[in-house]
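Asks: Next comes the sequence, and after it the predicted model I'd like to discuss.
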Amino acid sequence: MDDPTEITCSCGQTRLEVQGKPIVSVECCCTSCREAGSRMQKLDGAPPILTDYDATPFVMHRKDRVRFVQGLKTSHRFA
C-alpha cells in the first residue's frame, strides 16, 4: 500500500492521513453542495471552491483508510 498522505486545514488545527489512492474524484451539482461551497469560498482568506459551473469538487476515500491525526476526533478511525 502507498505511504499515507497528510491533509491539513489552512489553520493547522485539523490533520488527516489518507492511505492509498482515492476511490473517485467527483464534482457535485446538488443545491446543498453548491450552497456550502459558495458559503465556504466567501470566508476571509478562503480559496475558490466552486468550479466554473458552480459544482463542488471533492475526492472520496475508503473510510477505513482515513485517520484523524489531530483535531476534534484525534486518532479516530471511521468504522
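Replies: Cool, got the structure.
Asks: For burial, what's the neighbour tally of His61?
Replies: By other Cβ atoms under 10 Å, 18 other residues sit near His61. (Glycine included, C-beta is placed from N, CA and C.)
Asks: Phi, psi for it please.
Replies: phi -120, psi 160 (degrees, to the nearest 10).
Asks: May I ask you to confirm that it is in contact with Glu17?
Replies: No: contact between His61 and Glu17 fails when scored by Cβ atoms under 8 Å: they sit 10.2 Å apart.
Asks: Leu16: what secondary structure?
Replies: strand (DSSP: H, G, I helix; E, B strand; the rest coil).
Asks: Got phi/psi on Glu27?
Replies: According to degrees, to the nearest 10, Glu27 has phi -130, psi 120.
Asks: got a list of what the closest residue to Pro22 other than its chain neighbours touches?
Replies: The shortest distance from Pro22 to any non-neighbouring residue, by Cβ to Cβ, 6 or more residues apart in numbering, is to Val59 (4.5 Å). Shown in contact with Val59 (Cβ atoms under 8 Å, 6 or more residues apart in numbering): Pro22, Val24, Ser25, Val26.
Asks: what helix or strand is Val59 on?
Replies: In this structure, Val59 sits in strand 56-60 according to DSSP states H and E.
Asks: Describe which strands that strand pairs with in its sheet and in which direction.
Replies: Strand 56-60 has the following sheet partners, assigned by DSSP bridges: strand 24-28 (antiparallel).
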